[in-house]
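**Q** A predicted structure for the sequence below; I have some questions about it.
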Amino acid sequence: MRMKKHSRLHLPSAPARPGEAPDFSYVALSPAGAVARPDINARARDIGSLSVELVRVLDDAGNAVGPWHPHLDASELQIGLRHMLLTRLYDERMQRNQRAGKISFYIRSLGEEAVSVAQCMALRPGDMLFPSYRNQGLQIARGIPLVDLMCQLLSNTRDMCKGRQLPVMYHSKAGNIFSISGNLATQFPQAVGWAMAAAIKGEDHLAASWIGEGSSAEADFHHALLFASVYQAPVILNVVNNQWAISTFQGYAGGEQRSFAARGPGYGIAGIRVDGNDFLAVYAVTQWAAERARTGAGPTLIELVTYRGAAHSTSDDPARYRAKDDHEHWPLGDPIQRLKQHLIVLGEWSEARHQALTVELEALVASSWKEATTFGTMTEGPKLNADLMFEDVFKEMPEHLRKQRELMRAETGRPGAPGTSRT
Amino acid sequence: MANMNMIQALNSAMDIMLKKHPSVVIMGEDIGYFGGVFRATEGLQRKYGEHRVLDTPIAEGGIIATAIGMSVNGLRPVAEIQFADYIYPGFDQICSELARIRYRTAGDFFAPVTIRTPCGGGIRGGQTHSQSPEGIFTHVSGIKVVMPSNPYDAKGLLITAIEDDDPVVFFEPKRLYNGPFDGDPTKPAVPWSAHPKGQVDEGYYTVPLGKADIVRAGADVTIITYGTMVFVAAAAAAAMNLDAEIIDLRSLVPLDVDTICTSVRKTGRCVVAHEATRFSGFGAELLSIVQEECFWDLEAPIQRVTGWDTPYPHAFEWEYFPGQARVSIALKTVMESE
Amino acid sequence: MSQHVFKMPDLGEGTVDAEIVAWHTKPGDVVAEDQIIVEVMTDKAAVEVPAPVGGRVVSISGAPGDKVAVGSPLIVFEVEDGPTVAAAPEPALAPAAIVAVAAMSSPTARSGRVMASPANRRRAREAGIDLSTVAGSGPGGRIVRGDLEFAEGHSPPPSASPIAGAALAAAETTEIKVIGVRRLIAERMSEAKRNIPHFAYVEEVDVTELESLRQHLNVSRAADAPSLSYLPLVVMALTRVLETFPQCNVLYDAARGVLVRHRAVHMGIATQTPDGLKVPVLRNAHSLGLWEVAAEIRHLAARARGNKATREELVGSTITVTSLGKLGGIASTPIINAPEVAIIGLNKAIERPVVHQGAVVVRRIMNLSSSFDHRFVDGYDAAAMIQALKELLEHPATIFIPKVKSK
């Protein structure tokens, strides 16, 4: 094959690689308060501009401005701040635990706390959440005890997954939080199916799901939008655009040519782009989408513009592919800092209270960890019975698995314990 | 009792399920208003409404994913994939999600989804309308795999599958929809009305999963088969005047190992037959089990009758199809060896 | 106080080692839990590792630039003893339990492979039949069910039937247990037949002159000397021939894959006894004279027939001669007495009209039917050896002419 000297292929390029100065000029911003808030019954085709603009409520001085201001009580904002701070401190502690060899793997949500916390708070407890792996804020805001989350990370005797899932792949039946999958984007169309069922059953619960902008490239994303559109399912589909999918810049998910929110109007779904680090804006947009879903106005695709402040996971090192101090230059700031500033402007918060809260929550994380380890650690204490491996493959264990369980017992020199499973 | 072909029997099963369980919904491409390209869901939407018998977009991955979501929300979806050949866009949702939701949530969530899909050749379907991919699914932990060979079983098995709390992939050999087929395409078609298994109870009944059917008891050789090959194998054995014991597995997962082994221990000779391709096919699993469980009873090496390891060709359908000639060669080999 | 050994954690999914970049602590330091103690670099990331516990550093492993394997000790702390994990631990598995592999009971040593279906193997086992003693009539010598029934004395030997499995009608029968010598013979015969690719070679020998010599010697023999058959004469000739064909006076050591050539000729003499075939050994046949050979053969045969032969008299032959005497027939296919590689069979000597020196005359002809282990004796050499033997036997005087040792 003969090739011309210059390829004509276009390749998206990251704005800044290691050694280069951070550059976020590609992020389209709107001033706080500048974007109109359409009626919740507006038709998707009439509100296309929402998918291009950026809904923001908090201005640089910490004031809440414009039509999207949700007018939440200060006490609610303080709860939001507490959840976000707890999420961050939990992350920090678990990251250290991984480094110290106490858990095998962890994923932080540094800089993205407002996404999960504000969205969860804007929804009702009966709404079903289909999270991705960077939505620990949902678990915390839904009140799942830290001990439960930590026991999952430890795969110990109180692990909700009975040792079957990678750390951070939580679920909560009682909390209406679906199981997290390592296969990306699969939960997106599942959430649509859940919402379709809610509609068929005549219930007014809705489903919400989250994926990263990187995994919006999967077919599941498009199935979700298509089925949501066709059946006008009561679902909120959230693309957390944190700019990076491990080392893959959002341009490779198609973000260079068009916003992710703009995928919505293409399917006839309301698409809305929001400042993901603005607690108030995220809350307001989610509340708007939830009302639409509950009143039969259909699904909404929300793009939450944010930045992945930390590595993809404990196995990753972003210093190898992005500018070193990128996160500090992110134009939308830090969600915790911004809500804290707003509360201080309101006269409802102070540095001293913030410091006291930090100490309190650090102690909560520490005592929770201590408690979690009493149910077993990776090296010490009680261990899950390996017989559990064979349970829950099917509702009733078929003969071939019974046999294999016997073989496993023989292999490990353990007597068969009829009735078995210790949890 | 009524005369039913397999389509009618499946339709009857879904009709009864829609009536009995408000949680049952039927979904798939062309299955609603039109009643399905093979007519399996004919009349069901008129009877139960568009909200319980849903036409879907042409997106198998989306069908299976939304069915999973529905099942997690308390429904019992019966999703039709129009041809088994089209199931692959939904493969990730079946293998990584559907099969494992109970496991990964330690039973907190489960997904009682039934996926119905017509399979197999002999209908001039070429390589995209003739496949038998059941072995791909039997390899996945956490899903049950079923393939009936006649109207009576089809109805009873489908009812069991829908009421089962675990996911089931339900393969329907489409060459058997309208009548039993002995592998000879030159013979006039025989309708189910002339066959005892075409006599189907009009009401509710179940056929258990994991229980094979001894279609014919015999002493000379055990033929383990399912789907289309049940009748082909029976015809080949009869033509050879062999006293063959023919086992129709009906359900591949869970598998009725006891019936298989009891038979092979009795006859000492075994032929495994399926229409699917050979290499790494489900027959290989059957051979392994017989070898492991019945080795000291074997008079002869086990024989395998399968489709060739090629895509299913349009022009060479009957050279590809494992007809009576291929079964006879295997039977002769297994009978003459000792 | 107790020691806490902190091992290099797996910092990525499945990393095997990490390079030490910098230590932030040294032995003797007191560190707090979570204090950064070391920076390491994996193939995936540069990572700061915090102290998992608080305490005094006792020792550290690895200098900057060193790679430390995941799971090997990185740092040892001396820590205050605190209350340990409270919940009652289930006894953890000793790692040994997981890796322990049941010791194999050594499989029974088997010589050669028996061909039989699993079902027939099971039947044989249940009936106490050693399959290596059963002759197979199926394809490739496979033992079929009928062979087993025959071996059990249940039915006549099977005839090939297109569809097997039909029970064969049992004839009136007597059961004879295959035991003792018969069993040994059976085992050895089938083993030899199974393992050795036999090359059979038949040649006719004009023994007219040998016969005259034999007649003469018998007439003139000493009173106590035995009467001579052809056998001692052939043995004498054979020992001479083997001087030139040492590759036939060989034992094959299969275990070592070695052919052991013997300078001495220990001649096995196939002998019919009431118990069946035995092969007593004529030791150092090459060093014996004709009358000694004849006497020794007679002696050995008598002892064998009388079941008086010692074990030593029945083992150690390097080549075997077999003769059925008057029952010798015109040709036979003798089975090699493994681990030998050749066997020489004598057929019946009879007068036949042959063309001799241009005229049809009556001559005494005896055939030699021999088998060779074709793995080790080529057809050419086998034929050449038999031709040399023929040459000696047809000119019997040459048997007794000593070989010129060297030129």
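**A** Nice, I can see it. Residues are numbered from 1 along each chain as shown, chains lettered A, B, ... in the order given.
**Q** can we go C-alpha only for contacts and neighbour counts from here?
**A** Fine.
**Q** what does the stretch 201-338 of chain B have sitting close to chain A?
**A** Residues of the stretch 201-338 of chain B lying near chain A by CA under 8 Å from any CA of the partner chain: B:Pro254.
**Q** Get me the contact residues on the stretch 201-338 of chain B for chain C.
**A** By CA under 8 Å from any CA, the part of the stretch 201-338 of chain B that sits against chain C consists of B:Asp220, B:Gly268, B:Phe295, B:Trp296, B:Asp297, B:Leu298, B:Glu299, B:Ala300, B:Met335, B:Glu336, B:Ser337, B:Glu338.
**Q** Identify the residue nearest the fifth one in space, chain neighbours excluded?
**A** Put plainly, it is B:Asp297. The spatial neighbour of B:Asp297 that comes closest, neighbours along the chain excluded (CA to CA, 6 or more residues apart in numbering or on different chains), is C:Ala119 at 4.4 Å.
**Q** Next, work out how far apart that neighbour and C:Phe77 are.
**A** 65 Å (CA to CA, to the nearest Å).
**Q** same question, A:His10
**A** 55 Å.
**Q** Can you give me the distance of the residue positioned nearest the centre of chain A to chain C?
**A** Residue closest to the average C-alpha location in chain A (CA atoms, centre = their mean): A:Asn135, at 2.6 Å. Counting by CA to the nearest CA, to the nearest Å, the gap from A:Asn135 to chain C is 21 Å.
**Q** contacting residues for that residue?
**A** Going by CA atoms under 8 Å, 6 or more residues apart in numbering or on different chains, A:Asn135 touches A:Ser109, A:Ser116, A:Trp210.
**Q** redo that, cut-off 7 Å
**A** Residues in contact with A:Asn135 (CA atoms under 7 Å, 6 or more residues apart in numbering or on different chains) are A:Ser116.
**Q** just A:Lys173 next, same as before
**A** By CA under 7 Å, 6+ apart, the residues touching A:Lys173 are B:Asp108.
**Q** Ramachandran angles for it?
**A** Backbone geometry at A:Lys173, expressed as degrees, to the nearest 10, gives phi -60, psi -50.
**Q** can you list the residues of chain A near chain C?
**A** With CA under 7 Å from any CA of the partner chain as the criterion, chain A meets chain C at residues A:96, A:99-101, A:104, A:314-317, A:374-375, A:381-383, A:411-413.
**Q** got the contact list for stretch B:302-311?
**A** The contact list for stretch B:302-311 (CA under 7 Å, 6+ apart) reads B:127, B:269-279, B:283, B:287, B:320-322, B:326-327, B:330, B:334.
**Q** Out of those residues, which sit inside strands?
**A** Among the contacts of stretch B:302-311, the members falling in strands (DSSP state E) are B:Cys270, B:Val271, B:Val272, B:Ala273, B:His274, B:Glu275, B:Ala276, B:Thr277.
**Q** Name the nearest of those residues relative to B:Ser251.
**A** The closest of the ones in strands among the contacts of stretch B:302-311 to B:Ser251 turns out to be B:His274 (CA to CA; 13.3 Å).
**Q** Identify the residues contacting the closest one.
**A** Here B:His274 is in contact with B:Thr225, B:Tyr226, B:Met229, B:Gly283, B:Val305, B:Thr306 (CA under 7 Å, 6+ apart).
**Q** correct me, but the first one touches B:Ala273?
**A** Yes - at 5.0 Å, B:Thr225 counts as touching B:Ala273 under the criterion of CA atoms under 7 Å.
**Q** where along the chain do the helices fall?
**A** Looking at chain A here, since you left the chain open. Assigned by DSSP state H, the helices in chain A fall at A:74-99, A:113-122, A:136-141, A:146-154, A:187-200, A:219-231, A:263-266, A:279-294, A:335-346, A:351-373, A:399-411.
**Q** ah, no, chain C please
**A** C:95-99, C:118-127, C:145-151, C:180-195, C:208-219, C:230-244, C:290-305, C:311-314, C:379-394.
**Q** Please identify the most buried of the ones you listed.
**A** Highest mean neighbour count of the helices of chain C: helix C:145-151, a mean of 23 (counted as mean count of other CA atoms under 10 Å in any protein chain shown).
**Q** Off-centre distance for stretch B:251-267?
**A** When distances are taken as CA atoms, centre = their mean, to the nearest Å, stretch B:251-267 is centred 17 Å away from the chain's centroid.
**Q** Can you verify my assumption that C:Pro280 contacts C:Leu314?
**A** Yes - C:Pro280 lies in contact with C:Leu314 (CA under 7 Å); the separation is 4.4 Å.
**Q** just to revisit the earlier point, would you write a ChimeraX line that selects the buried entries of the residues of chain A next to chain C?
**A** The ChimeraX command for the buried members of the residues of chain A next to chain C (criterion: 16 or more other CA atoms under 10 Å in any protein chain shown) is given here:
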select /A:96,99,100,101,104,314,315,316,317,374,375,381,382,383,412
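**Q** Pull the number of nearby residues for residue 38.
**A** Since you didn't name a chain, this refers to chain A. 14 (other CA atoms under 10 Å in any protein chain shown).
**Q** look at chain B instead
**A** Number of residues near B:Phe38 (other CA under 10 Å) recorded here: 16.
**Q** for C:Ala255, same thing?
**A** The local packing of C:Ala255 (other CA under 10 Å) involves 6 other residues.
**Q** Which members of the contacts of stretch B:302-311 are classed as buried?
**A** Among these, the ones that count as buried by 16+ other CA under 10 Å are B:269-278, B:283, B:287, B:320-322, B:326-327, B:330, B:334.
**Q** mind listing the helices in the stretch 151-300 of chain B by residue range?
**A** Assigned by DSSP state H, counting those that start in this stretch, the helices in the stretch 151-300 of chain B fall at B:151-163, B:229-239, B:257-267, B:282-294.
**Q** Of the ones you listed, which stretch is the most buried?
**A** The highest mean neighbour count among the helices of the stretch 151-300 of chain B, using mean count of other CA under 10 Å, belongs to helix B:151-163: a mean of 25.
**Q** what distance separates it from the centre of its chain?
**A** In terms of CA atoms, centre = their mean, the centre of helix B:151-163 is found 11 Å from the chain centre.
**Q** just checking, what packs against that helix?
**A** Packing partners of helix B:151-163 (3 or more CA pairs under 7 Å, 6 or more residues apart in numbering or on different chains; DSSP states H and E): helix B:6-20, strand B:199-200.
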